[in-house]
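Chemist: need a structure here:
(2 chains)
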Amino acid sequence: MGMTQSQKILARHADLANVAAGDLIEAQLDLVLGNDVTGPPAIEVFRQTGAKRVFDPGRVLLTPSHFAPNKDIKSAEHCRRMRDFAAAEALEHYYELGEERAGIEHVIVPELGLAAPGDLIIGADSHTCTDGALAAFATGVGSTDLGCAMATGSTWFRVPEALAVELVGEPAPWITGKDVILELIRRIGVDGALYASLEFQGESVAALSMTDRLTICNMGIEAGAKNAIMPADQVALDWLKQHAPARYAAGDYVIEAADPDASYRRRVRIDLGALEPVVAWPSLPANGRSVSASAAENIAIGQVVIGSCTNGRYADLALAARLLRGRRVARGLRCLVIPGAQSVWNRLLADGLMQDFVAAGCIVSPPTCGPCLGGHMGVLAAGETCVSTTNRNFVGRMGHPESKVWLAGVPVAVASAVTGRLTGPVQAELDPAAFSELRAATAGAGREGSSPAAKGVQ
Amino acid sequence: MPRAHVYGDHVDTDVIIPARYLNTADPAELARHCMEDIDADFVKRVRPGDIVFAGENFGCGSSREHAPVALRASGVAAVVAASFARIFYRNALNVGLAILECPEMVGHVRMGDEVEVDPTTGRISNLTTGESWTARPFPAFIQGIIEQGGLIPYTKAKLATPDREAGHV
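Modeler: Below you'll find the predicted structure:
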């Protein structure tokens, strides 16, 4: 029996020629990561293991992202413990707020070139599956798993079976990676990929930008997936070349593809040409409805959030800025823009796009997970409504249990921000030329016209 | 006698312990807010040794280990569910919260029923109705981690024999 792409990565890291779904293996890790919520308990576990040092100070990434900048004294204590540990262990990848390389883990790991095809990554954050966009096997764990892995550089895995997701067709107008993943979760449910890999395949993958791929893989966990993974194609290699030139030049990556006779638990086919922007209604990411059906409900919106590890990359925010240009945020609505990394923030400023946000009446925050998890910087009151480009809309996720969150991509978020209603880009008369132009500039290498300059927009 | 606290499918870690309380990792403090957003009376009702029952995908969402920690610290002796989200599954093993997978019991246990659960044998009994079931057994390797007392002893053993860090277990 052949192996899936994910199984091949696990097998190689376990020094095994073959693995099968259900096997329990011990495997070596290329990168382990955590944040200010999961990191401090992991540091305590690390101490309890009796380890003298972390297994490799260049392969442990900790970042203050969730309650940073510190929202209160307790958060400050957590951040300080992590900062002190990073200094004591001389961690290469700990970046202080404001540094160009700082930010939310799932935005900075790809940006810093710390994920490459064939890598095996665990992180004490469920959205670690994001890095599968680089054709790595990346999965979320808890603090104890992280603490032990910081000590040994290895962990155990139950080898997963997989679902094959075939993407076909030219994307319809206004379709982004967010719509692809919300559509998939709508179809298979929040446990549709439980314990399994989501392996993306098909003719349309090649045309997806790295930004769209990262958004898609990011929300694999919302279908219960252990990991989500894209092919190690030209887009992945171009990204690596740009973000990790030394690794690229040294050939320090491994291209794995599923065997032709690999078996899948289930096959799902999504025609990108038949999609309309998708909105996930409260209170599950699987409650997807088309934006036109959603708009017909005439829901008044009080807050819009554009950012997060799901949609806080440069191309996401450049699109938001362009669509907001010449428009105003609706009176009485707060539009929070949250670049996912300091590098994104700095680039928006340098490119003049920050001006579009300010002129439109948005508030731009420093990089933080903040409101996505109801932490700080935009928590919702009872009865408040929010359209958000984040990843979860569970009861109480962004604040009061009686607040409501609709998940959507950037075009729907901007449309809702300028109208004050849950609505789509067509209904809000956003500029379709701006969307097409940016999509063409960031399209995958599989498409003609992908230039080095255009790749810079990713 | 332990009582049952019964919930539906997809109980997520945001309702088990809302993120607004994640500025602490103190078990007792987390326990004070356990299940707050799905069952505001849970913390008042729960007694040491009680059992949580749920449907599919229990513990979905965030990787926060604070969720099984909060359940354990609030006195919950075990969680019985039709299935568990995979990060929660690992976290529960790691923090010593007993979990039992048993889809057969769904619909047969009601809030407040008197129940008995033996995590070692996997035996689950509803004393109120007289029904009982057996949970799916853990793989031998995972049973071994549980018997050793969690992942930390396992890791200590691994650190003592660094050659054994890859392959089947």
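Chemist: Report the distance from the worst-scoring helix or strand of chain B on mean pLDDT to the chain centre.
Modeler: Sorted by mean pLDDT, DSSP states H and E, the helices and strands of chain B end with strand B:167-168, the least confident at a mean of 86. Strand B:167-168 has its C-alpha centroid displaced from the chain centroid by 27 Å (CA atoms, centre = their mean, to the nearest Å).
Chemist: Next: stretch B:112-123.
Modeler: The mean C-alpha position of stretch B:112-123 is separated from the chain mean by 13 Å, CA atoms, centre = their mean.
Chemist: Over to stretch A:383-398?
Modeler: On the basis of CA atoms, centre = their mean, stretch A:383-398 is displaced by 17 Å from the centre of the chain it belongs to.
Chemist: quick one: buried residues of it?
Modeler: Under the neighbour-count criterion of 16 or more other CB atoms under 10 Å in any protein chain shown, stretch A:383-398 has A:384-398 buried. Any C-beta I mention is one placed from the backbone N, CA and C, and that applies to glycine too.
Chemist: same deal with stretch A:307-326?
Modeler: Neighbour-count burial for stretch A:307-326, counted by 16+ other CB under 10 Å, picks out A:307-325.
Chemist: In strands, which of these appear?
Modeler: Per DSSP state E, strands hold the following members of those: residue A:307.
Chemist: Okay, and which of the buried residues of stretch A:307-326 map to helices?
Modeler: Mapping these onto helices (DSSP state H) picks out A:308-311, A:314-324.
Chemist: neighbours of residue 153, just the number please.
Modeler: With no chain named, the answer covers chain A. 19 (other CB atoms under 10 Å in any protein chain shown).
Chemist: The intended chain is chain B.
Modeler: Using other CB under 10 Å, residue B:153 has 14 other residues around it.
Chemist: quick one: secondary structure of it?
Modeler: What DSSP: H, G, I helix; E, B strand; the rest coil gives for residue B:153 is helix.
Chemist: and it, what does it touch?
Modeler: For residue B:153, the contact set (CB atoms under 8 Å, 6 or more residues apart in numbering or on different chains) is empty.
Chemist: ok, it to residue A:282 distance?
Modeler: Using CB to CB, to the nearest Å, one gets 43 Å for the distance from residue B:153 to residue A:282.
Chemist: for residue A:192, same thing?
Modeler: 19 Å.
Chemist: ok, those two, which is more surrounded?
Modeler: Neighbours were counted for residue A:192 and for residue A:282 using other CB under 10 Å; residue A:192 has more, 22 against 16.
Chemist: Quick check: buried residues in stretch B:47-66?
Modeler: Using 16+ other CB under 10 Å as the test for burial, stretch B:47-66 gives B:50-66.
Chemist: that older thread, which strands and helices sit next to the least confident helix or strand of chain B?
Modeler: Applying 3 or more CB pairs under 8 Å, 6 or more residues apart in numbering or on different chains; DSSP states H and E, we find strand B:167-168 packed against strand A:24-28.
Chemist: helix or strand right after the strand it packs on?
Modeler: Next along the chain after strand A:24-28, taking DSSP states H and E as the criterion, comes strand A:31-35.
Chemist: now that next one: mean pLDDT?
Modeler: If you average the pLDDT over strand A:31-35, you get 98.
Chemist: Show residues contacting it.
Modeler: For strand A:31-35, the external contacting residues (CB under 8 Å, 6+ apart) are A:42, A:59-66, A:105, A:109, A:114-115, A:119, A:121-125, A:128, A:143, A:146, A:149-150, A:153, A:369.
Chemist: Repeat the analysis, applying 6 Å as the threshold.
Modeler: A:42, A:59-63, A:65-66, A:105, A:114, A:121-125, A:146, A:149-150 (CB atoms under 6 Å, 6 or more residues apart in numbering or on different chains).
Chemist: Next: stretch A:243-252.
Modeler: So stretch A:243-252 is contacted by A:113, A:116, A:240-241 (CB under 6 Å, 6+ apart).
Chemist: Which one of these is nearest to residue B:110?
Modeler: residue A:116 (51.8 Å; CB to CB).
Chemist: Could you report the neighbour count for the closest one?
Modeler: Neighbourhood size, residue A:116 [other CB under 10 Å]: 26.
Chemist: Regarding it, what are the backbone dihedral angles?
Modeler: Main-chain torsions, residue A:116, degrees, to the nearest 10: phi -140, psi 160.
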